[in-house]
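>>> can you look at this prediction? I've put the sequence above it.
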Amino acid sequence: MADPHPTPGTLKFAEIPRLPDDWWDGTPTSDPDVVWTVWDRATWYTWGANSGNYQQGPIGTVIGGGGMAGAAHGPTIGRMHPHYIGIITMNDADMPLNTPVYADLQALIAKGENVVIPIFVDHQIGPGYKLSLGTGIGSSQPNWGDIQKNVLSGIVQLGNAAGAVEIPQGTYWPDLRQSPPVIHKITCLDDISTIIDTVLS
């Protein structure tokens, strides 16, 4: 019997492990076991999407796009997986579409599931872990600051719902509206709230 009051899950800032190149066996309805040798069944992994590909298609279908959606660098080798959840980072006008995505992720956390916010080492900026939702391909978008305000606010919403928040030492958010970017360290949720309130206000 399911626990009626489960302990909320964890919001984790982490690099998303890449699935094996042959993880998808060609059958859209399948649930390849090899996925769970790399990923965790109780964890949901987020990535920066656009309004055309953020919604889940059948498992294994091509996402379309580059970066975290692409075959070259994407953790799923450019294919859909139910635990790979798109958050729109590409168009300010599409930000309302993220509202139900954040709500769904918050509900998963409330049931004890974990959610990963992607970070990675960007050697062009320097050491540490760059928060990567919309700070790659999405950084060239008009109204990038407003897009990031939505994304960061969603992260705070998820963090407030979580039983714990794990942020590796050296994690940062880059303000890419200037060159070189201004680096803002992230050690806790309050640091993200400060970015929203003072840098992106």
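Perfect, thanks for sending it. Residues are numbered from 1 along each chain as shown.

>>> report pLDDT for residue 201.
pLDDT recorded at residue 201 is 87.

>>> where's it relative to residue 168, distance?
27 Å (Cβ to Cβ, to the nearest Å). In short, each C-beta sits where N, CA and C put it, glycine included.

>>> what about those two, which has more around it?
residue 168 (14 against 8; other Cβ atoms under 10 Å).

>>> wait, isn't the more buried one in contact with residue 119?
Yes: at 7.2 Å, residue 168 counts as touching residue 119 under the criterion of Cβ atoms under 8 Å.

>>> joint contacts of those two?
Common contact partners of residue 168 and residue 119 (Cβ atoms under 8 Å, 6 or more residues apart in numbering): 13-14, 129.

>>> can you select the buried ones from those residues in PyMOL?
Typed into PyMOL, the next command selects the buried ones out of these (criterion: 16 or more other Cβ atoms under 10 Å):
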select buried, resi 13+14+129
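
>>> possible to save the shared contacts of residue 168 and residue 119 as a markdown table with distance to residue 66?
What follows is the shared contacts of residue 168 and residue 119, written out as a markdown table (distance: Cβ to Cβ, whole Å):
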| residue | distance to residue 66 |
| --- | --- |
| 13 | 22 |
| 14 | 21 |
| 129 | 21 |
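
>>> a markdown table for the shared contacts of residue 168 and residue 119, including pLDDT and secondary structure?
Output for these, formatted as a markdown table (pLDDT from 0 to 100; DSSP: H, G, I helix; E, B strand; the rest coil):
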| residue | pLDDT | secondary structure |
| --- | --- | --- |
| 13 | 98 | strand |
| 14 | 98 | strand |
| 129 | 97 | strand |
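
>>> wait, which of the shared contacts of residue 168 and residue 119 is closest to residue 23?
residue 14 (18.9 Å; Cβ to Cβ).

>>> give me the distance between that closest one and residue 44.
12 Å.

>>> please apply the same query to residue 191.
Taking Cβ to Cβ, one finds residue 191 at 23 Å from residue 44.

>>> the more surrounded of the two?
Using other Cβ under 10 Å, the more surrounded residue of residue 191 and residue 44 is residue 44, with 19 against 15.

>>> which SS class is the more buried one?
Here residue 44 is recorded as strand under DSSP: H, G, I helix; E, B strand; the rest coil.

>>> beta partners of it?
Beta-bridge partners for residue 44, by DSSP bridges, are residue 115.

>>> next: the one 5 residues further on.
Under DSSP bridges, the beta-bridge partners of residue 49 are residue 88.
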